[in-house]
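J.: Following is a predicted model, sequence given first.
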Amino acid sequence: MTFRYDFSAVGPDFPVARVAETIRDFKTYLGASGVPRKSLESSLLMASWNIQHFGGTGRSEEALWYIAEILSTFDIVAVQEVKRELDDLEAVLKLMGPWWRYVVTDVTEGTDGNDERLAYVYDSRKVRFSGLAGELVIPPVELDDGTEQPPVQFDRTPFLAGFSAGWFNFQLATVHLAWATGDAEDPDRVREAEALAKFMRRRTLTDRGTWSRNTFLIGDFNFFNEHSRAYLALEDNGFTIPVGRAELTQTNAGADARYYDQIAYLLADTNVAPAGLGVLDLFEVFYSDANFTRFYEAGLTRADGTVPGNKRSFYRNHYRRKQLSDHFPIWIELPIDFGLPYLESQI
């Protein structure tokens, strides 16, 4: 029995059978969704997940077990919306096992910052943290007369960190770009996307002190679609965005399809090409429509203890999103064993 499946410490009211059944069904769903099994040497499973209000919101213990299972599917996950309170993150890492680590930013304060942190959660048996970590600050803008003007910074400062796995070293910049007005072409979001893409292109290609020439921009970009100016800003600066088109579904849990969450890359290492990618529709398994009547309908109440008038609607559009998230994880598989190409280059 692995560390995260030890049910001996749960309370008497914990629904062990339900949790065990759901996790079992999730493993079956993963196979059908094309997510490969984790391997120690051949490939890296990288993911991004905006976990809505992750911390200080009173999630159920059941939900924390599900979040632990979802995160542990991958080798490294960029997590957005980690809150000031780290209770959920700490509880989930304990369930996942002692080999899991995290690196997290300080809290971004102010209305636009929403009291959020950004984090990386990674399996230390596979992924090594380089020691490089920092929040991105846009440099001053040089005017025509040679003077410098302070730029407008990000609402939530992107988080850059370096890692390695196998033969592959890489740097990630995880983001939660501006929502602002909620418009598809919100100018603040476009400005942030352009600033991020230009900064990280320069850092990757021309900065002599950059830690790695393999860069990923990963996180919640709040892109509505692949035609938005913010989306195109990344492509215009040389980043490849392999997701959010015909091969993938939406990354939000709402009725209107959105491609908020993305993994974009600019790679100097010619051996690296994604072997697979996808989005996990979590509500196919966790808090599914099929399990509403079986497991949740009878005891479903609001946070204040009142019973909602339409339990099914409340369950679908509020309860399960608060327990898990209103975003789905997006993932990509990358090769990390370049031993054979290296040997061939020496012949």
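T.: Perfect, I can see it now.
J.: Just the residues contacting the helix or strand encompassing A32, thanks.
T.: Element membership of A32 [criterion: DSSP states H and E] is helix 16-33. Outside helix 16-33, the residues that touch it by Cβ atoms under 8 Å, 6 or more residues apart in numbering are 5, 7, 10, 62, 65-66, 69-70, 73, 278, 280, 284-286, 291, 295. No exception for glycine: its C-beta is placed from N, CA and C like everyone else's.
J.: Need the max-distance pair from these.
T.: V10 and G278 (31.2 Å; Cβ to Cβ).
J.: Looking only at neighbour counts, state which of these two leads.
T.: Set side by side, V10 and G278 show more neighbours around G278, with 20 against 14, by other Cβ atoms under 10 Å.
J.: and the more buried one, that's in a strand?
T.: Yes - the assignment for G278 by DSSP: H, G, I helix; E, B strand; the rest coil puts it in a strand.
J.: Now that it has come up, it's in contact with I330, right?
T.: Yes - assessed by Cβ atoms under 8 Å, G278 is found in contact with I330 at 7.5 Å.
J.: Counting neighbours, what do you get for the spatially closest residue to L300 that is not a sequence neighbour?
T.: Excluding the flanking residues, the one nearest L300 by Cβ to Cβ, 6 or more residues apart in numbering is K311, at 5.2 Å. K311 has 17 neighbouring residues, counting by other Cβ under 10 Å.
J.: Do I have it right that K311 meets G299?
T.: No - when contacts are counted by Cβ under 8 Å, K311 is not listed as touching G299 (10.1 Å).
J.: shared neighbours, the two?
T.: Here K311 and G299 share no contacting residue, scored by Cβ under 8 Å, 6+ apart.
J.: now the strands for the chain?
T.: Secondary structure of the chain (DSSP state E): strands located at 43-54, 76-83, 100-104, 116-123, 128-135, 141-142, 148-149, 159-165, 168-176, 214-220, 261-267, 276-279, 330-335.
J.: Remind me what the last one packs against, helices and strands.
T.: Counting contacts by 3 or more Cβ pairs under 8 Å, 6 or more residues apart in numbering; DSSP states H and E, strand 330-335 packs against strand 43-54, strand 261-267, strand 276-279.
J.: Looking at those strands, spot the one closest to G254.
T.: strand 43-54 (12.1 Å).
J.: Quick one: mean pLDDT for the closest one?
T.: The average pLDDT within strand 43-54 is 96.
J.: Direction included, what does it pair up with?
T.: With DSSP bridges as the test, strand 43-54 is paired with strand 76-83 (parallel), strand 330-335 (antiparallel).
J.: That one vs strand 214-220, what angle?
T.: If you take axes from the mean of the first three to the mean of the last three Cα atoms, to 10 degrees, strand 43-54 sits at 30 degrees to strand 214-220.
J.: quick one: contacts for L40?
T.: By Cβ under 8 Å, 6+ apart, the residues touching L40 are R125, K126.
J.: That one and D115: what is the separation?
T.: Taking Cβ to Cβ, to the nearest Å as the measure, L40 falls 38 Å from D115.
J.: can you check E148 too?
T.: Counting by Cβ to Cβ - E148 and D115 are separated by 31 Å.
J.: Same drill for these two, tell me which one is more crowded.
T.: Set E148 next to D115 and count neighbours by other Cβ under 10 Å: D115 wins out with 17 against 10.
J.: I'd assumed V82 was in contact with that one.
T.: No - here D115 does not reach V82: they are 10.0 Å apart, not a contact under Cβ under 8 Å.
J.: Test my guess that F199 contacts I138.
T.: Yes - using Cβ under 8 Å, F199 is in contact with I138, at 6.3 Å.
J.: Could you list the low-confidence segments of the protein?
T.: Scanning the chain for pLDDT under 70 picks out the ranges 1-3, 243-248.
J.: bridging residues for the residue nearest the centre of it?
T.: Centroid-nearest residue in the chain, with Cα atoms, centre = their mean: S48, separated by 2.0 Å. As for beta bridges, S48 partners with A78, I330 under DSSP bridges.
J.: what sits against it?
T.: So S48 contacts 77-80, 174, 218-220, 261-263, 329-331 (Cβ under 8 Å, 6+ apart).
J.: swap the cut-off to 6 Å and go again
T.: Counting by Cβ atoms under 6 Å, 6 or more residues apart in numbering, S48 makes contact with A78, I218, G219, D261, I330.
J.: how far away is it from I76?
T.: Distance, S48 to I76, using Cβ to Cβ: 10 Å.
J.: now what about stretch 281-300, what contacts it?
T.: If you take Cβ under 6 Å, 6+ apart as the criterion, stretch 281-300 is touched by R18, D25, F26, Y29, Y66, K311, Y315, R320, L324, F328.
J.: and if you look at stretch 305-315?
T.: Counting contacts by Cβ under 6 Å, 6+ apart, the residues outside stretch 305-315 that touch it are F292, E297, L300, T301, R302.
J.: Extract the C-alpha trace of that stretch and format it as PDB.
T.: Taking Å, rounded to 0.1, in the frame of the first residue of the first chain, the C-alpha atoms of stretch 305-315 are listed here in PDB:
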ATOM      1  CA  GLY A 305     -26.600  24.800   6.300                       C
ATOM      2  CA  THR A 306     -29.600  25.700   4.100                       C
ATOM      3  CA  VAL A 307     -31.000  23.400   1.500                       C
ATOM      4  CA  PRO A 308     -30.800  24.700  -2.100                       C
ATOM      5  CA  GLY A 309     -34.100  24.800  -4.000                       C
ATOM      6  CA  ASN A 310     -32.600  23.000  -7.000                       C
ATOM      7  CA  LYS A 311     -30.100  20.600  -5.600                       C
ATOM      8  CA  ARG A 312     -28.900  19.300  -9.000                       C
ATOM      9  CA  SER A 313     -28.200  22.700 -10.400                       C
ATOM     10  CA  PHE A 314     -26.400  23.700  -7.100                       C
ATOM     11  CA  TYR A 315     -24.400  20.500  -7.200                       C
END
